[in-house]
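In: Okay, structure incoming, though there's no sequence with it:
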């Protein structure tokens, strides 16, 4: 075995590789592996790969065997059921057959007696003038008796045939049950073999990955190999995905993952391992054809791509060929926001802290926390994508969830500690924006709506993904929980709103009356109705049970971007017509208008206890209102360091 010939450093490296990611393994300060050791690592990795392939083939064979055995068992059970049904039906016929025999016996008795008397009378009437008549009567009586005997015999035969059939069927039951038991045992054994093979396969794959990582790391350190995930995937994700993703795929070339890149496009393969100068991908990048209508790749980027191809265009060990680029590239901190803003930015998200003391607003690569009483900037939470689309405090106010994205590059959902601004969880990472975050009423779960059509639910203690739903046909722009936390409602650019079971992810109903983009959704306090808003300039109230519209509320001159429900059943909304409004859901009556904004009102937040709402506009202004009087309490430009020219 090659392992027995390793130096002690080999075993140390195996331990390190099992603990630390490939990208973090450091060999600095250690003796560089020799060419013989590197070659031995490759041989060992190839051996594990070969053994894993054998186990994979064995697993496939066992799975086919299991399928055949399951089909066999199903057929055997079908035969058993059919036999038992045959016996049951035959048992049902025994009684009428027995009754037929009894009836035939009863009918035969008087016929036999009559025939006997008729024969005696005919014998006595011989050589008299009654001889002919009595003889005919005797013949008739004898014929009737024979018919009765035949009827009895037929009935007895039918009864015996049924009894024999039942006996034969019953005799076949035990062997059939034995066969079924034997087949079930075979299935159990095959399932055990499959599990053992899976475990062995997983072990071999793990061993192969461990040693292959070691081999690849050594080559990368020597400049003989380029890591796909570290060397070229970040380039592709940043510079190529906007035009070459699953949806647009210009030239039918999808670059969302390694497998798609190696597959090529409508003109065939674009990567020829070992032939960088002749690979279409490199040629088009080098001559500026890619990326189209954008700055050309830098010399360093071109060099990395070319070297990656020349050294075999390999995929890092342990990475799935189908894994999206955005999920395999190294996570790097997002760019820092400007210390002072030179221009204002649209306010795309607002959220009051549960105690009403802070108001969070969207910034550029950051969330800004303001004193809700005087508009003083308290904190800047950074390390976020370019655009902030949604913000929500946890029910206890200790954490803040943020949905963000850099369009066509990255989408993310992160959770931060409010007091320190420390990143607690980096939950979602997609190739496009994340639009919505929503804590469940008890704060134990976090729902996230994404541009990739998915809705994801995370446990807020472990930050593990519990559920992923892909039921929409386009961006999921908003998600909201039912008051009891059992359901989720979503709004989408596919012109629908949908309600899902929050435990299973099953789609319950779909509302499609908007006929345009749906921007925002919220449950009524009793959980029986939904209020949704969209680009059709209508608030629509509809039933949770059957998705039937109850009423629509008009009077808006443009898109309605966000809705917020009150505890007493009123709904606040903000619109691109530069107004915020309050309506009664039960009758659609307009209660208040919050006017005076000079641009689209894009964001809305409410603090129930203090009866205040906050509105954010496209020109970067925040207003805090007394919701009862529709009076502005506080107003400022939410751009740190910005001074009006």
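Out: Received the coordinates, thanks. All values derive from a computational prediction rather than experimental measurement.
In: So residue 112 is in contact with residue 148, correct?
Out: Yes: if you go by CB atoms under 8 Å, residue 112 and residue 148 touch, sitting 7.4 Å apart. Quick note: C-beta positions are derived from backbone N, CA and C, even for glycine.
In: neighbour count winner among the two?
Out: residue 148 (21 against 15; other CB atoms under 10 Å).
In: Show the contacting residues for that one.
Out: 104, 107, 108, 111, 112 (CB atoms under 8 Å, 6 or more residues apart in numbering).
In: What is the neighbour count of residue 491?
Out: For residue 491, the count of nearby residues is 32 (other CB under 10 Å).
In: Quickly note the distance from it to residue 605.
Out: 17 Å (CB to CB, to the nearest Å).
In: Helix or strand with the lowest mean pLDDT in this structure?
Out: helix 8-19 (a mean of 38; mean pLDDT, DSSP states H and E).
In: any weak-confidence spans in the protein?
Out: For the chain, applying pLDDT under 70 flags the ranges 1-30.
In: can you give me the helices for it?
Out: 8-19, 35-124, 131-221, 233-239, 258-263, 280-286, 299-310, 325-328 (DSSP state H).
In: Turn those helices into TSV, columns for distance to residue 438.
Out: As requested, the helices of the chain are exported to TSV (distance: least, CB to CB, whole Å):
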stretch	distance to residue 438
helix 8-19	36
helix 35-124	41
helix 131-221	37
helix 233-239	28
helix 258-263	32
helix 280-286	41
helix 299-310	39
helix 325-328	23
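In: And the ones you listed: which comes nearest residue 413?
Out: Evaluated over those, closeness to residue 413 peaks at helix 325-328, with 13.1 Å, by CB to CB.
In: Identify the residues contacting that closest one?
Out: Contacts to helix 325-328, defined as CB under 8 Å, 6+ apart, come from residues 228-229, 233, 236-237, 241, 255-257, 316, 319, 410, 429-431.
In: between those, which has the most around it?
Out: Neighbour-wise, those (other CB under 10 Å) top out at residue 233, 27 neighbours.
In: Next up, the contacts around that one.
Out: Counting by CB under 8 Å, 6+ apart, residue 233 touches 258, 325, 328, 329.
In: Kindly recompute the last result at 7 Å.
Out: Going by CB atoms under 7 Å, 6 or more residues apart in numbering, residue 233 touches 325, 328, 329.
In: Then residue 288?
Out: residue 296.
In: Give me the phi and psi angles of it.
Out: Backbone torsions for residue 288, taken as degrees, to the nearest 10, come to phi 90, psi 0.
In: ok, it to residue 282 distance?
Out: Taking CB to CB as the measure, residue 288 falls 12 Å from residue 282.
In: what do you get for residue 183?
Out: Using CB to CB, one gets 58 Å for the distance from residue 183 to residue 282.
In: Please say which of the two ends up with more neighbours.
Out: For the pair residue 183 and residue 282, the greater number of neighbours falls to residue 282 (24 against 18), based on other CB under 10 Å.
In: The more buried one and residue 305 touch, don't they?
Out: Yes: using CB atoms under 7 Å, residue 282 makes contact with residue 305 at a distance of 5.6 Å.
In: In stretch 32-42, which residues are buried?
Out: Judged by neighbour count using 16 or more other CB atoms under 10 Å, the buried positions of stretch 32-42 are 33, 37, 38, 40, 41, 42.
In: Now do the second one against residue 429, distance only.
Out: Note on residue 37: its distance to residue 429, by CB to CB, is 36 Å.
In: Over to the fourth one?
Out: Taking CB to CB as the criterion, residue 40 is separated from residue 429 by 37 Å.
In: what does the third one give?
Out: In this structure, residue 38 and residue 429 are 33 Å apart, going by CB to CB.
In: And the fifth one, by the same measure?
Out: Applying CB to CB, one obtains 31 Å for the distance of residue 41 from residue 429.
In: Now do the same contact list for the nearest residue to residue 644 once chain neighbours are set aside.
Out: Excluding the flanking residues, the one nearest residue 644 by CB to CB, 6 or more residues apart in numbering is residue 637, at 7.8 Å. Residues near residue 637 by CB under 7 Å, 6+ apart: 344, 620, 621.
In: how about a cut-off of 10 Å?
Out: 341, 344, 345, 347, 375, 619, 620, 621, 622, 643, 644 (CB atoms under 10 Å, 6 or more residues apart in numbering).
In: What subset of those is buried?
Out: Among those, those scoring as buried are 341, 344, 345, 347, 375, 620, 621, 622 (criterion: 16+ other CB under 10 Å).
In: out of these, who's nearest residue 187?
Out: Ranked by distance to residue 187 (CB to CB), these are led by residue 347 at 62.0 Å.
In: hey, what's the nearest residue to that closest one once chain neighbours are set aside bridged with?
Out: Closest residue in space to residue 347, ignoring its immediate chain neighbours: residue 616 at 2.7 Å, by CB to CB, 6+ apart. Counting by DSSP bridges, residue 616 is bridged to residue 603, residue 622.
In: which of the contacts of residue 637 lies closest to residue 448?
Out: Nearest member of the contacts of residue 637 to residue 448, counting by CB to CB, is residue 347, at 21.0 Å.
In: picking up where we left off before, show only the entries of the contacts of residue 637 found in strands.
Out: Counting by DSSP state E, the part of those found in strands is 621, 622.
In: can you tell me which two in the contacts of residue 637 are farthest apart?
Out: Using CB to CB, the contacts of residue 637 reach their maximum pairwise distance at 347 and 643, which is 18.2 Å.
In: hang on, the earlier thing: tell me the one among the contacts of residue 148 nearest to residue 402.
Out: Within the contacts of residue 148, the smallest distance to residue 402 is 91.2 Å, found for residue 104 (CB to CB).
In: how much space between the closest one and residue 157?
Out: Distance from residue 104 to residue 157, by CB to CB: 11 Å.
In: one step back: quick one: which of the contacts of helix 325-328 is nearest residue 484?
Out: residue 430 (29.3 Å).
In: Just give the nearest non-adjacent residue to the closest one, would you?
Out: With sequence-adjacent residues excluded and distances taken as CB to CB, 6+ apart, residue 430 is closest to residue 411, at 4.1 Å.
In: How about residue 296?
Out: Leaving aside its sequence neighbours, residue 296 sits nearest to residue 288 (CB to CB, 6+ apart; 4.7 Å).
In: buried residues in stretch 628-641?
Out: For stretch 628-641, the neighbour count (16+ other CB under 10 Å) marks 630, 633, 634, 636, 637, 638, 639, 640 as buried.
In: so how far is residue 368 from the fourth one?
Out: Here the criterion is CB to CB. By it, residue 636 lies 11 Å from residue 368.
In: overlap in contacts of those two?
Out: Jointly contacting residue 636 and residue 368 under the rule CB under 10 Å, 6+ apart are 361, 377, 622.
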